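Enquirer: Let me see the structure of the following:
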Amino acid sequence: MLNADLEVDARGLNCPLPILRAKKGINSLASGQVMKVVATDPGSVKDLEVFCRQTGNEMLETSQHDGEYHFNIRKG
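Expert: Have a look, this model is predicted:
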């Protein structure tokens with residue numbers, strides 16, 4: 001796993017809240033920094049992929065552990 005500069009906890013939140021939390025988090029970072037998002041909403045997998053594609057950020061890593069989805073995103 002990568003070391004993240006910021007971790008966003010979106011557990012227990014449903015769409016669109018994980019994306020809104022991710023957007024707020026990524027906006028607080030400098031270019032090249034990494035944000036980790038932890039969510040429990042299965043829809044967040046597709047939503048965060050689209051978010052990265054549309055915002056020019058890079059999805060570095062995704063994984064699933066015990067019903068939680070983990071995403072590492074590098075700010076573009």
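
Enquirer: switch to C-alpha atoms for all contacts and neighbour counts from now on
Expert: OK.

Enquirer: And the strands in this protein, which stretches?
Expert: Using DSSP state E, the strands found in the chain span residues 6-10, 34-39, 58-65, 68-74.

Enquirer: TSV for those, including mean pLDDT?
Expert: Formatted as TSV, the entries for the strands of the chain read as follows, by pLDDT from 0 to 100:
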stretch	mean pLDDT
strand 6-10	98
strand 34-39	98
strand 58-65	96
strand 68-74	97
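
Enquirer: Tell me which of these sits nearest to Val50.
Expert: Minimum separation from Val50 across the strands of the chain (CA to CA) falls at strand 58-65, 9.9 Å.

Enquirer: So what's the gap between the closest one and the chain middle?
Expert: In terms of CA atoms, centre = their mean, to the nearest Å, the centre of strand 58-65 is found 8 Å from the chain centre.

Enquirer: again with stretch 17-37
Expert: From the chain centre to the centre of stretch 17-37 is a distance of 7 Å (CA atoms, centre = their mean).

Enquirer: and what of stretch 13-26?
Expert: Taking CA atoms, centre = their mean, the mean C-alpha location of stretch 13-26 is offset from the chain mean by 8 Å.

Enquirer: can you list the residues that contact it?
Expert: Stretch 13-26 is touched from outside by 6, 8, 10, 35, 37, 39-41, 43-44, 47-48, 51, 75, with contacts defined as CA atoms under 8 Å, 6 or more residues apart in numbering.

Enquirer: rerun that using 7 Å as the cut-off
Expert: By CA atoms under 7 Å, 6 or more residues apart in numbering, the residues outside stretch 13-26 that reach it are Val8, Ala10, Met35, Val37, Ala39, Asp41, Ser44, Leu48, Lys75.

Enquirer: Mean neighbour count added to the strands of the chain, as a markdown table?
Expert: Output for the strands of the chain, formatted as a markdown table (neighbours: other CA atoms under 10 Å):
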| stretch | mean neighbour count |
| --- | --- |
| strand 6-10 | 18 |
| strand 34-39 | 24 |
| strand 58-65 | 14 |
| strand 68-74 | 21 |
